[in-house]
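Q: The following comprises the amino acid sequence and a computationally predicted model.
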Amino acid sequence: MLQKKDFIEIEFTGRVKNGEVFDSNVKEELQKLHEGHSHEIHAEPFALCLGEGMFLKAIDDFLIGKPETPANYEINLSPEQAFGKRDAKLIQRIPVKIFREQRINPVPGFSFNFDGRIGKILASSGGRVIVDFNNPIAGKEVVYKIRVLRKMTDLHEKTKALIKFLFGNEMKFEIKDSKIILEVEKPLVEFAKLFKDKFKEMLNLDMEIKEIEKKTEKKAQIEEK
C-alpha cells in the first residue's frame, strides 16, 4: 500500500464541480485549456512525495493506503478541502495611482501579479481599484481525476523530481554516502540552503552545496549547441 513519504507519478485533472477544468497535466486537457495559443503543449507526469505538501492535503490523505499498482480515482472535494472559502478580507481597494506608475490599465476582469500575489480586478472608479486576491477556485467544490501511474523507487529519480519541484528546473547533483552534492549558481546559494531540511526529511540525504558560476547567456547557448 502507498505510505507517507512514498514518491509516486500521477496524471491529474481538476475541474470545478459541474464546471470547467482549471488544472491538468494531461495533454488532451491542456490543449483545451490553451486553445487558441500557438505554442506546443508539453505534458508530463507529476512526481510528488505523499504527505509532504506537494499537492492538496486531501488528495494526499486519499491516496495514502491505496494500492501501489496503477489505478484511476475520482475525488470530490469541498471548498475547505480544496482551495478554502472566499475571504472578504482579501478583496482590497488599491489607489489607481499605483497602476499608473506601473503603466497598467486596471481593466475589470484582468488578473495581475502584485508582488507574488495574483489579484483579479473587480472594478475601477473614483481613483480606487477593487482587487480580489482570493484564489479563483476558492469557495467552490472541485473534482479531481487522478491516475496513479507508478511508485518511484530509484533514489536518483526521486531526488531529480524533488529538485524540479523545489527549484522549478533541473540542476546537476551527485549522491555520495547518504549525501547530495548539489551544484548551485552563486545567486541561488542562500535560497538553496533553505531546503536542507527537506532533503533530509524526504530523502534522508544531507545536503552539500557546490557553488558554481552563473552561466552567461552566450555560454549557455554554446553549451546547448
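A: That came through fine. Numbering: from 1, shown residues only.
Q: residues contacting Tyr144?
A: Tyr144 sits next to Phe12, Thr13, Gly14, Leu56, Ile59, Glu74, Ile75, Leu77 when contact means CB atoms under 8 Å, 6 or more residues apart in numbering. Just so you know, the C-beta spots here come from the backbone N, C-alpha and C atoms, and that holds for glycine as well.
Q: the helices in the protein, which residues?
A: 27-33, 57-63, 96-101, 155-167, 189-193, 196-203, 217-224 (DSSP state H).
Q: mean pLDDT for those helices: which is lowest?
A: Among the helices of the chain, helix 217-224 has the lowest mean pLDDT, at a mean of 56.
Q: Can you tell me how far the residue in the chain sticking out farthest from the centre is from Asp132?
A: Residue farthest from the centre of the chain, counting by CA atoms, centre = their mean, is Gly126 at 37.0 Å. Separation of Gly126 from Asp132 (CB to CB, to the nearest Å): 18 Å.
Q: any idea what sits nearest Met171, other than its immediate chain neighbours?
A: Nearest residue to Met171, sequence neighbours excluded (CB to CB, 6 or more residues apart in numbering): Ile163, at 5.3 Å.
Q: ok, so what distance separates Phe83 from Gly14?
A: From Phe83 to Gly14 the distance is 10 Å (CB to CB).
Q: For stretch 15-23, what does the pLDDT average out to?
A: Summarised as a single mean, pLDDT over stretch 15-23 is 92.
Q: Return the set of buried residues in it.
A: Of the residues in stretch 15-23, Arg15, Val21, Phe22 count as buried by neighbour count, 16 or more other CB atoms under 10 Å.
Q: any idea how far it is from the chain center?
A: Centroid separation between stretch 15-23 and its chain, computed with CA atoms, centre = their mean, to the nearest Å, is 18 Å.
Q: Grab the CA positions of that stretch and hand them over as PDB.
A: Extracted as PDB, the C-alpha positions of stretch 15-23 are listed here (Å, rounded to 0.1, in the frame of the first residue of the first chain):
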ATOM      1  CA  ARG A  15     -12.400  20.700 -12.500                       C
ATOM      2  CA  VAL A  16     -14.900  22.800 -10.800                       C
ATOM      3  CA  LYS A  17     -17.900  20.600  -9.900                       C
ATOM      4  CA  ASN A  18     -20.300  20.700 -12.900                       C
ATOM      5  CA  GLY A  19     -17.900  23.200 -14.500                       C
ATOM      6  CA  GLU A  20     -14.700  23.700 -16.400                       C
ATOM      7  CA  VAL A  21     -11.200  22.200 -16.000                       C
ATOM      8  CA  PHE A  22      -8.900  24.600 -14.200                       C
ATOM      9  CA  ASP A  23      -5.700  22.500 -13.900                       C
END
